[in-house]
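when you get a sec, could you give me coordinates for this:
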Amino acid sequence: MRRTAVAVLVLMCLAVLTSTASAVGMGDKISKSKEWTEQQKWAEQEKFRKAREWFNETRKKVEEVRKQAREKRFEAWKKHLTAWVEMAKRWVERVENRVEYLRLNEESKDRLIDRLENISAKLDVIEKDIDSAQNYTELRMVASEIRGMWMELRHEMRVAVHNYVLDKYSEILERLKQVSDRLEAAGANVTELNEKISEIEDAVNDLKNYVGTPEFSQKVREINEMFREAFKIVKELAREVRPEYQHGFVYAHVSGSFELSGNFSSVQIKGEGNVTLPEDVIVTKVDKPGVRIIVARGNFTASGDGEFRILAQGTGVLKLNGEGYYRVKKTPTGPVSEEIEFEGNETVTFG
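The predicted structure is shown next:
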């Protein structure tokens, strides 16, 4: 019994010692685990702090790069717009120089010159706006103004070109009428030619309604074809009759009054108004509302008030009062002058 009790007591002591040792070991482990967790937490926080610092620095660098890129693009856009303004200024200067040599009527020329001067002044203002712009909004406003002005300028130049075409057509049409008069005075039958001239005249008048529109080009092609047909008729008539001028001659268009005196192989007067001349020199006379055609020859004096086209062959003097133009061949062998415009009184001697 005693041995058994001692054995039991020994076992109990060993269990207590073992339990105590285990408890001590576990405590050490827990302490070490807490210490490692704190270190890990601090390390993670440090990593996060460094990562955040790196991210902030990187973001600052990226923002700086973006800012520099925006500034470069902004400056590049300003340079682009400024270059456009400079190009537009040079273009306006070239157009102004060309306008001076275009055979436009004075009203069209003055209107176009005024428009170009206004555009040049606007370009100066736009150039200053570009230079002082501080942001994209201001530049967009300038760019929008440039586009609007460019559209207006293109339209204005299109109108100017179209008016120039109209003026050229009027000039060619008048020359065609002169040719018809000269062929008729030489004995040619110009009925077909005059019909074609009348058709062209109506088409040119209608063309004025299409100035500045896309349809203008198609109408121009149609009129060009009419002119080709008219010139073909002229060539055929010219082969049939070749007018020979044994004396001088004058061809004039006058809006006002005239006095023609001398010895003539042929005189032709067309137009609207009152004409006075001796009845014994009249060869042909057509007198109806709005149209007056008189053909005469001989030694006489004629006068008239209104708007006329006058073709006289022979020797004489033509006094003009009003406005218009004339061409003159002073001698049989001399050259025909260029078209001479006049306003007021003009005296032309020929033959």
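
for residue 204, which non-adjacent residue is closest in space?
Excluding its sequence neighbours, the residue lying closest to residue 204 (Cβ to Cβ, 6 or more residues apart in numbering) is residue 169, at 4.9 Å. C-beta: built from backbone N, CA, C; applies to glycine.

wait, what's in contact with that neighbour?
For residue 169, the contact set (Cβ atoms under 8 Å, 6 or more residues apart in numbering) comprises 200, 204, 207, 223.

what two of those residues are the furthest from one another?
200 and 207 (10.2 Å; Cβ to Cβ).

overlap in contacts of these two?
With Cβ under 8 Å, 6+ apart as the test, residue 200 and residue 207 both reach 169, 223.

burial check on residue 143, number of neighbours?
Residue 143 is flanked by 18 other residues according to other Cβ atoms under 10 Å.

quick one: distance of the helix or strand hosting it to the chain centre.
Using DSSP states H and E, the element containing residue 143 is helix 136-185. The chain centroid and the centroid of helix 136-185 are separated by 8 Å under Cα atoms, centre = their mean, to the nearest Å.

now the element after that helix, going C-ward?
Downstream of helix 136-185 (by DSSP H and E), the next one is helix 191-207.

taking helix 136-185 as reference, get the angle to the following helix or strand past that next one.
Using DSSP H and E, the helix or strand that follows helix 191-207 in sequence is helix 216-240. Here helix 216-240 runs at an angle of 20 degrees relative to helix 136-185 (axes from the mean of the first three to the mean of the last three Cα atoms, to 10 degrees).

give me the buried positions along helix 216-240.
By neighbour count with 16 or more other Cβ atoms under 10 Å, helix 216-240 contains the buried residues 216, 219-220, 223, 226-227, 230, 233-234, 237.

can you check stretch 266-279 too?
266-271, 273, 275, 277.

can you give me how far it is from the chain middle?
Centroid separation between stretch 266-279 and its chain, computed with Cα atoms, centre = their mean, is 46 Å.

contacting residues around that stretch?
By Cβ under 8 Å, 6+ apart, stretch 266-279 touches 181, 184-185, 260, 290-297, 300-314.

same question for the strand or helix carrying residue 58, mean pLDDT?
Using DSSP H and E, residue 58 falls within helix 2-101. Regarding helix 2-101, the rounded mean pLDDT is 69.

one more: stretch 298-318?
Here stretch 298-318 scores 92 as its mean pLDDT.

buried residues, that stretch. List them.
Buried residues in stretch 298-318, counted by 16+ other Cβ under 10 Å: 298, 300, 302, 304, 306, 308-318.

hang on, isn't residue 305 packed against residue 257?
Yes: counting by Cβ atoms under 8 Å, residue 257 is a contact partner of residue 305 at 4.7 Å.

quick one: residues contacting residue 326.
Residues in contact with residue 326 (Cβ under 8 Å, 6+ apart) are 250-254, 318, 320, 339-340, 342, 346, 348.

where is pLDDT lowest across the residues you listed?
Of all the contacts of residue 326, residue 339 carries the smallest pLDDT score, 87.

now it, nearest residue through space, not along the chain?
Using Cβ to Cβ, 6+ apart, the closest residue to residue 339 is residue 325 (5.1 Å).

in which helix or strand would I find that neighbour?
Counting by DSSP H and E, residue 325 is found in strand 291-329.

what's the offset of that strand from the middle of its chain?
42 Å.

how about residue 302, what does it touch?
So residue 302 contacts 259-261, 267, 269, 275-277, 296 (Cβ under 8 Å, 6+ apart).

wait, residue 145 touches residue 125, no?
No: Residue 145 is beyond contact range of residue 125, at 9.1 Å (criterion: Cβ under 8 Å).

partner strands of the strand or helix carrying residue 341 and their direction?
Per DSSP H and E, residue 341 falls inside strand 340-350. Its sheet considered, strand 340-350 pairs with strand 291-329 (antiparallel) by DSSP bridges.

one step back: could you list which of the contacts of residue 302 belong to helices?
Using DSSP state H, no member of the contacts of residue 302 falls within helices.

so can I have CSV of those residues showing distance to residue 121?
CSV is the format used below for the contacts of residue 302 (distance: Cβ to Cβ, whole Å):
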residue, distance to residue 121
259, 51
260, 52
261, 55
267, 55
269, 51
275, 53
276, 56
277, 57
296, 58
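
ok, these vs residue 162, which is closest?
Looking across those and measuring by Cβ to Cβ, the closest to residue 162 is residue 269, at 34.4 Å.

now do the closest one against residue 183, distance only.
Here residue 269 is placed at a distance of 16 Å from residue 183 (Cβ to Cβ, to the nearest Å).

ok, residue 115 next?
42 Å.

burial measure for residue 54, as a count.
10.

before we move on, what about the one 3 residues further on?
Using other Cβ under 10 Å, residue 57 has 10 other residues around it.

coming back round to it: in strands, which of the contacts of residue 302 fall?
Counting by DSSP state E, those place 259-261, 267, 269, 275-276, 296 in strands.

low-confidence stretches in the stretch 201-350 of the chain?
Where the stretch 201-350 of the chain drops to pLDDT under 70, the residues are 242-246, 288-291.

picking that back up, in a markdown table: the ones in strands among the contacts of residue 302, plus distance to residue 39.
Listed next are the ones in strands among the contacts of residue 302 as a markdown table, based on distance: Cβ to Cβ, whole Å:
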| residue | distance to residue 39 |
| --- | --- |
| 259 | 127 |
| 260 | 126 |
| 261 | 131 |
| 267 | 127 |
| 269 | 124 |
| 275 | 126 |
| 276 | 131 |
| 296 | 131 |
